[in-house]
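**Student:** Structure for this input, please:
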Amino acid sequence: MAVNCPSTASGGTGDPPRGPLQLWIADATTGKARPLLGNRRLNTVFSSYEWIDDNTIVAAVLPEGVSSPPAKPPVPLGPKIQDNSNGKKSQNRTWTDLLKDEYDGDVFEYYGASELVTVNVNEDAEGHEGTPLAPPRMYTEVSASPAGEFIVACWLARPFSTAVPAGRFPVTIQLWTKRGNFVREIAALPLAEDIPIAFNSCRMGPRGVGWRDDRPAELSWIEAQDGGDPDVSVSPRDIVYTLDAHAAAAAATAGDGSSNGADLAPSVLATTDLRCGGVSWCDGDLALLYESWWKTRRSVVYTIAPDRRQEDKKVLFDRSYEDVYGDPGTPLSRRTSASTYILAKVDGKRQLLMVGTGASPEGNKPFLDLLDIDTKETTRLWQSSPPYLESLGSIMSDNNHDAPITLNGLKMLLSRESANEPPQTYLVEFSGTTAADKTEKQITNFPHPYPQLKDMQKEVLRYKRADGVDLTGTLYLPPGYEAKRDGPLPTILWAYPREYKSREAAGQMRRSPHQFSGIGSLSPTLWLARGYAVLDGPGFPIIAEGTEEPNDTYVEQLTASAEAAVKELVSRGVTDPERVSVGGHSYGAFMAANLLAHCPHLFSAAIARSGAYNRTLTPFGFQSEERTLWQAPETYIKMSPFMMADRITKPLLLIHGEEDNNTGTFPLQSERFYNALKGHGAPARLVLLPHEGHGYRARESVLHTLYEQDQWLETYAGYGRTDPDYVLASGDADSSTNSMSE
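**Tutor:** The predicted structure follows:
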């Protein structure tokens with residue numbers, strides 16, 4: 001196996017600066033490892049390396065003779081100019097971390113450029129720096145065909161843009177032989193600044209270019225027939241093409257060689273009237289074709305026969321992907337001799353193994369089904385049952401790549417957990433056709449990661465909103481807590497709103513009471529150790545059936561869900577209604593700020609991390625909103641807690657990473673919101689974490705965030721156990737500190 005290794009130090013205090021990564025090869029049998037490519041170093045900005053065959057690796061290395069990065073001009077060379085004098089319509093969401101000028105473009109090109117070389121791990125001498133394959137370019141992907149005879153290479157090129165991210169820059173996709181000889185250009189896509197903002201929009205030209213997993217060297221890709229615009233009515237909307245690389249290579253060398261394989265037309269595999277999501281390959285007799293449509297939440301899966309393309313595709317499933325109760329599951333795959341994965345036929349017949357979450361009103365009960373492709377009948381082979389949550393994963397009995405997968409002797413990985421026991425992995429072997437006919441061997445034995453909270457109490461709640469919509473949430477209570485003895489507790493609601501097209505789907509259970517309660521570094525359940533109750537993930541569905549738009553009633557549905565959650569907690573006697581706080585991250589932060597503005601009687605305080613609060617600053621859509629500010633101005637303004645700053649009177653803690661590069665949630669959102677709150681006398685605090693993005697990773701940042709949240713909760717919605725050193729504003733003066741908690 002090949003691994004990337006730092007070429008100098010680990011980056012610790014006192015270590016010399018780290019250099020580019022070095023490629024090493026390790027023998028898994030002996031444990032011995034050695035470096036490859038001599039003094040050449042990898043460029044891992046985009047693509048690092050790829051196995052071509054069992055002996056050969058193609059690696060993206062720093063260009064020979066690379067110099068120092070471009071120097072920033074001491075003074076601007078001129079004004080920054082953006083021009084749309086041609087009047088072309090181009091709408092984009094609020095991207096961040098974009099190139100700003102020519103200098104940024106030069107730096108981007110400098111760090112993104114790499115040279116492709118090949119190395120034979122068995123034959124090339126130690127210190128060999130690789131055989132040049134292709135000149136320096138900004139390679140983003142290099143993919144070898146399953147049989148290792150051809151390569152697909154993709155790279156970016158100028159002109160760059162200051163309006164869209166790198167994924168929309170001009171891209172070239174070419175087919176080469178494994179020695180780098182040009183066969184055919186698959187795509188030369190221009191700069192794409194005008195992709196519509198609506199969901200199901202896509203780039204014009206070939207997309208999803210990749211190798212068929214069941215063939216030695218056959219490419220497939222999808223091309224939109226609607227210009228990438230879902231508002232255009234056309235049939236078909238997408239076409240799936242394939243191209244045999246051997247035939248293309250033969251065409252490229254035929255005659256005088258001037259055709260370069262371009263005269264060979266690709267073959268139409270299938271068409272779709274919704275947006276195509278790709279193909280799962282099995283063999284010439286069977287493949288699965290996927291299409292879906294966001295506005296209706298419709299998902300269709302077809303069966304097709306790649307070797308009999310004259311036959312019509314047949315519907316296997318046609319359903320709403322929001323309906324988790326009706327989810328038939330996902331087909332399992334098996335390994336091939338070419339190290340690819342294809343659909344796992346059982347006993348060589350047209351039947352597949354399907355695994356799914358098994359969502360039900362009682363909670364998730366994952367399953368394994370045998371699906372007959374032609375009759376669509378299923379046989380339940382296995383299902384998880386209380387008091388555990390179990391799920392089956394990869395097939396492990398596929399070492400003999402030529403032998404069919406059989407039910408008798410089927411080996412799979414199984415994960416098992418309970419509310420109080422962490423997940424463990426088992427190897428299970430079926431010796432018959434029922435769950436009873438199996439043996440298992442435990443592979444892992446992980447200890448409980450936080451034994452002090454092992455006995456925390458957990459219950460999945462079911463309750464109704466005032467309009468009758470079913471809601472769920474997971475209630476956590478401290479170890480040893482008894483409501484009658486200990487009384488109601490300060491309570492944290494931590495949530496994230498989601499949009500649905502039907503009331504039924506919104507009310508479906510999507511969790512299990514038997515799932516182990518994992519606690520992340522910033523999880524609200526950490527406050528169980530501080531004596532709080534926590535309602536984690538309570539339902540805040542925003543529903544719009546038919547042609548309705550969900551956000552037109554966002555505030556009303558949001559507050560109704562909050563009312564229902566607090567009412568349920570108080571009725572159980574576990575929550576003190578005077579000490580309820582609400583919090584969330586990203587869109588959950590947006591929710592928390594809105595709840596303080598529109599139902600302050602429910603909450604004593606709120607925590608909002610990395611959110612966006614002024615929707616006029618995201619004018620071309622946000623989250624699941626497809627309309628622009630100019631199409632739905634009232635909705636944008638009504639949803640913006642920034643516009644309600646004069647109505648917020650309860651304490652609000654804002655936390656944001658200073659380098660947040662998530663779409664729409666740039667730090668300015670929190671800074672402006674804080675100033676608005678302060679300008680209206682609202683109790684608020686803004687914490688900006690240095691060097692952090694949308695999520696927080698540094699140990700110092702995580703600990704300081706926990707400290708800020710704890711002190712905020714203790715001060716306004718907890719027990720009052722505040723740190724004497726916790727700095728709060730006093731009198732009319734604002735308080736500012738650059739310190740991080742120890």
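
**Student:** got a list of what D229 touches?
**Tutor:** For D229, the residues meeting the contact criterion (Cβ atoms under 8 Å, 6 or more residues apart in numbering) are P196, A198, S201. Placement of C-beta: from N, CA and C, glycine included.

**Student:** among those residues, who's most crowded?
**Tutor:** Neighbour tally across these (other Cβ atoms under 10 Å): the maximum, 20 neighbours, falls on P196.

**Student:** Check the residue lying closest to that residue once chain neighbours are set aside and give its pLDDT.
**Tutor:** Counting by Cβ to Cβ, 6 or more residues apart in numbering, D229 is the residue found nearest to P196 once chain neighbours are left out, at 5.0 Å. Looking at D229, its pLDDT reads 96.

**Student:** so Y103 is in which element?
**Tutor:** Element membership for Y103 (DSSP states H and E) is helix 102-112.

**Student:** what about the following helix or strand past that helix, average pLDDT?
**Tutor:** Sequence-wise, the next helix or strand beyond helix 102-112 is strand 114-120, with elements assigned using DSSP H and E. Per-residue pLDDT values across strand 114-120 average out to 96.

**Student:** In this model R207 seems to touch S220, though I could be wrong.
**Tutor:** No. Under the criterion of Cβ atoms under 8 Å, S220 makes no contact with R207, lying 11.0 Å away.

**Student:** These two: who's more crowded?
**Tutor:** Under the criterion of other Cβ under 10 Å, the comparison of S220 against R207 puts S220 first, with 25 against 18.

**Student:** how about the nearest residue to that one, chain neighbours excluded?
**Tutor:** Distances taken as Cβ to Cβ, 6+ apart place T242 nearest to S220, at 4.8 Å, with adjacent residues excluded.

**Student:** The host helix or strand of that neighbour pairs with which strands, parallel or anti?
**Tutor:** Secondary structure assigned from DSSP H and E places T242 in strand 238-244. Here strand 238-244 is paired, per DSSP bridges, with strand 218-224 (antiparallel), strand 267-272 (antiparallel).

**Student:** in the protein, which ranges drop under the pLDDT threshold?
**Tutor:** Low-confidence segments of the chain (pLDDT under 70): 1-12, 255-262, 433-436, 729-742.

**Student:** Which single strand of it contains the most residues?
**Tutor:** strand 131-144 (DSSP state E).

**Student:** now M396: how far from R334?
**Tutor:** For M396, the distance to R334 (Cβ to Cβ, to the nearest Å) stands at 10 Å.

**Student:** re the thing from before, what bridges to the residue nearest to S220?
**Tutor:** Beta-bridge pairing for T242 (DSSP bridges): S220, S267.

**Student:** Repeat that for W155.
**Tutor:** Using DSSP bridges, the bridge partners assigned to W155 are Y139, T172.

**Student:** Show the contacting residues for it.
**Tutor:** Remark: with contacts taken as Cβ under 8 Å, 6+ apart, W155 is in contact with R137, M138, Y139, T140, V171, T172.

**Student:** ChimeraX command to pick out the buried ones of those residues?
**Tutor:** Listed next is the ChimeraX selection for buried residues among the contacts of W155, using 16 or more other Cβ atoms under 10 Å:
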select :137,138,139,140,171,172
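
**Student:** which one of the contacts of W155 is nearest R297?
**Tutor:** For the contacts of W155, the minimum distance to R297 (Cβ to Cβ) is 30.7 Å, reached by V171.

**Student:** that older thread, possible to save the contacts of W155 as a markdown table with distance to I443?
**Tutor:** A markdown table is the format used below for the contacts of W155 (distance: Cβ to Cβ, whole Å):
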| residue | distance to I443 |
| --- | --- |
| R137 | 44 |
| M138 | 42 |
| Y139 | 38 |
| T140 | 37 |
| V171 | 42 |
| T172 | 45 |
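
**Student:** circling back to that earlier point, if you count what's nearby, which of M396 and R334 comes out ahead?
**Tutor:** Each of M396 and R334 had its neighbours counted (other Cβ under 10 Å), and the higher figure belongs to R334 (20 against 15).

**Student:** Against A217, how distant is that one?
**Tutor:** Shown here: R334 relative to A217, a distance of 20 Å by Cβ to Cβ.

**Student:** re earlier: if I look at the residue nearest to P196, how far off is A529?
**Tutor:** Taking Cβ to Cβ as the measure, D229 and A529 are separated by 52 Å.

**Student:** Next: V355.
**Tutor:** Note on V355: its distance to A529, by Cβ to Cβ, is 36 Å.

**Student:** Tell me which of these two has more neighbours.
**Tutor:** Taking other Cβ under 10 Å, V355 and A529 do not tie; V355 has more neighbours (18 against 14).

**Student:** other SSEs contacting the helix or strand where A592 lies?
**Tutor:** Under DSSP H and E, the secondary-structure element containing A592 is helix 587-598. Using 3 or more Cβ pairs under 8 Å, 6 or more residues apart in numbering; DSSP states H and E, the elements in contact with helix 587-598 are helix 554-571, strand 575-585, strand 605-609, strand 652-657.

**Student:** Looks to me like the residue nearest to P196 is in a helix.
**Tutor:** No. With DSSP: H, G, I helix; E, B strand; the rest coil as the criterion, D229 is coil rather than part of a helix.

**Student:** From Y290, how far out is it?
**Tutor:** When distances are taken as Cβ to Cβ, D229 and Y290 turn out to be 20 Å apart.

**Student:** Tell me which helix or strand comes right after the strand holding T242.
**Tutor:** Stepping forward along the backbone from strand 238-244, the first helix or strand reached (DSSP H and E) is helix 245-253.

**Student:** And the contacts of that following helix?
**Tutor:** 145, 149-150, 175, 177, 182-184, 217-219, 259-261, 263-264.

**Student:** And the residues you listed, which of them are buried?
**Tutor:** With burial judged by 16+ other Cβ under 10 Å, the buried subset of the contacts of helix 245-253 is S145, E149, F150, L175, V183, R184, A217, E218, L219, N260, G261, L264.

**Student:** May I see those residues organised as TSV, with distance to L595 and secondary structure added?
**Tutor:** Output for those, formatted as TSV (distance: Cβ to Cβ, whole Å; DSSP: H, G, I helix; E, B strand; the rest coil):
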residue	distance to L595	secondary structure
S145	54	coil
E149	59	coil
F150	56	strand
L175	54	strand
V183	59	strand
R184	57	strand
A217	56	coil
E218	54	strand
L219	51	strand
N260	61	coil
G261	60	coil
L264	60	coil
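
**Student:** Tell me which of the helices and strands packed on helix 587-598 sits nearest to E377.
**Tutor:** Closest of the helices and strands packed on helix 587-598 to E377 is helix 554-571, at 39.6 Å (criterion: Cβ to Cβ).
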